[in-house]
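J.: predicted model and sequence follow; I will ask about them next.
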Amino acid sequence: MKIGIIGFGSMGSMLMHKFLEAGTLLQEDLFISNRSKERLSEIPERYPKVNVMKNNEEVIKSSDIVFFCVKPTDMKEVAEATAGFFKEGQHICAVNACIRFNQLNTIFPNASCSIVIPSVTGEVDKSVTLATFNQFVPEREITLIKKLMGTFSSVVIIPENELGICTDLTSCMPGFIASIFSIIVEEALSRSTLSKEDIHNMIITTILGTSKLCVDQKMPFDKIVERVATKGGITEEGTKVIESAFPETVRTLFQRTKERRESTILNWPGHFNKKNE
């Protein structure tokens with residue numbers, strides 16, 4: 001099995017490292033290209049047998065499965081520029097939540113295509129990868145994609161029309177969580193003489209412990225609230241504030257991310273039905 005990666009940014013780099021660290025692929029079976037050659041300079045020193053290619057055409061002609069790890073705003077241009085290099089039997093995998101199969105099919109007619117959405121938390125092997133497949137993908141290719149992405153994550157296969165909200169809940173969520181707790185750290189700093197590092201470590205340890213309660217003891221969120229927020233206590237007062245003020249923030253967050261996805265998707269050729277987002 002020969003794997004190509006077009007685009008060596010955060011996701012492309014993570015895929016390479018994870019596939020090789022897990023032993024899922026041999027170095028010589030991996031083919032990589034990137035617009036900026038400087039970013040590829042790190043590869044030969046660590047992985048001397050990985051094939052660093054001159055251009056995307058060479059990657060495509062050498063690979064069975066090609067991962068497009070480019071920015072959503074660049075995907076259309078890159079796809080159109082490379083479409084003529086693909087042959088029947090190759091699999092196209094878009095690592096991109098802002099495209100849809102009916103749009104890919106305008107550029108790659110009748111091609112076997114998947115959309116996969118990893119998360120940055122895959123770097124520590126604790127993540128969900130979303131995957132969806134078009135009607136041209138045979139079962140053996142679904143199995144291959146699941147095996148590849150399963151080396152560092154839990155693969156969840158979803159319908160295409162669930163990509164939006166599920167991306168918010170997985171791939172985007174580390175950024176949302178970090179943003180929320182950054183605000184909490186800054187506010188706590190203004191009310192304490194402790195260092196930022198001390199406050200940060202307190203919160204991180206508490207987040208980790210809360211996660212372990214959920215996972216190890218299968219404790220739902222509402223049960224944790226019930227355990228900590230005793231009637232008439234300090235925590236209950238805080239949870240009342242969150243329950244009153246935070247829902248509107250969450251509604252706005254989901255609406256804004258939905259609108260941003262739609263604006264990117266609508267710049268592609270092909271019809272996009274907003275009701276399916």
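T.: Cool, got the structure.
J.: CA only for contacts and neighbour counts going forward, please
T.: OK.
J.: how about the strands in the stretch 151-277 of the chain?
T.: Secondary structure of the stretch 151-277 of the chain (DSSP state E, counting those that start in this stretch): strands located at 154-157.
J.: in it, where is pLDDT below threshold?
T.: 268-277 (pLDDT under 70).
J.: redo that, cut-off 90
T.: Across the stretch 151-277 of the chain, the ranges flagged by pLDDT under 90 are 261-277.
J.: all helices of it, in order?
T.: 163-169, 173-189, 196-216, 221-228, 234-265 (DSSP state H, counting those that start in this stretch).
J.: for residue 105, which of those helices is the nearest?
T.: helix 234-265 (13.7 Å; Cα to Cα).
J.: report the distance from that closest one to the chain centre.
T.: 20 Å (Cα atoms, centre = their mean, to the nearest Å).
J.: specify the stretch among the helices of the stretch 151-277 of the chain that is closest to residue 56.
T.: helix 234-265 (23.1 Å).
J.: for that closest one, name the packing helices and strands.
T.: helix 163-169, helix 221-228 (3 or more Cα pairs under 8 Å, 6 or more residues apart in numbering; DSSP states H and E).
J.: ok, residue 68 to residue 79 distance?
T.: From residue 68 across to residue 79, the span is 8 Å (Cα to Cα, to the nearest Å).
J.: between those two, who's got more neighbours?
T.: residue 68 (24 against 17; other Cα atoms under 10 Å).
J.: list the contacts of that one.
T.: With contacts defined as Cα atoms under 8 Å, 6 or more residues apart in numbering, the neighbours of residue 68 are 5, 6, 7, 75, 92, 93, 94, 95.
J.: go on, residue 261?
T.: Going by Cα under 8 Å, 6+ apart, the list of residues near residue 261 reads 97, 98, 164.
J.: which SS class is the first one?
T.: If I follow you right, that is residue 97. coil (DSSP: H, G, I helix; E, B strand; the rest coil).
J.: surely it and residue 165 touch.
T.: No - with contact defined as Cα atoms under 8 Å, residue 97 and residue 165 do not form a contacting pair (10.2 Å).
J.: more neighbours: the two, which one.
T.: residue 97 (22 against 15).
J.: and the contacts of residue 261 as JSON lines, adding distance to residue 43?
T.: Listed next are the contacts of residue 261 as JSON lines, based on distance: Cα to Cα, whole Å:
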{"residue": "97", "distance to residue 43": "27"}
{"residue": "98", "distance to residue 43": "29"}
{"residue": "164", "distance to residue 43": "33"}
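J.: wait, which of those residues is closest to residue 129?
T.: Nearest to residue 129 among these, with distances taken as Cα to Cα, is residue 97, at 11.6 Å.
J.: per-residue confidence for the closest one?
T.: At residue 97, the model reports a pLDDT of 87.
J.: what residues are up against it?
T.: 72, 115, 116, 117, 163, 164, 167, 261.
J.: tell me which of the helices of the stretch 151-277 of the chain lies nearest to residue 122.
T.: helix 173-189 (11.0 Å).
J.: neighbouring contacts of the closest one?
T.: 120, 121, 167, 195, 196, 199, 200, 203.
J.: widest-spaced pair of the residues you listed?
T.: Among the contacts of helix 173-189, 167 and 195 lie farthest apart (Cα to Cα), at 34.4 Å.
J.: who's more crowded, these two?
T.: residue 167 (21 against 10).
J.: go ahead and confirm the more buried one touches residue 117.
T.: Yes - in terms of Cα under 8 Å, residue 167 counts as a neighbour of residue 117; the distance is 7.1 Å.
J.: return every residue with contacts to both of the two.
T.: Contacts common to residue 167 and residue 117, judged by Cα under 8 Å, 6+ apart, are 97, 130.
J.: if you count neighbours, what's buried in stretch 136-149?
T.: Going by neighbour count (16 or more other Cα atoms under 10 Å), the buried part of stretch 136-149 is 137, 141, 142, 145, 146, 148, 149.
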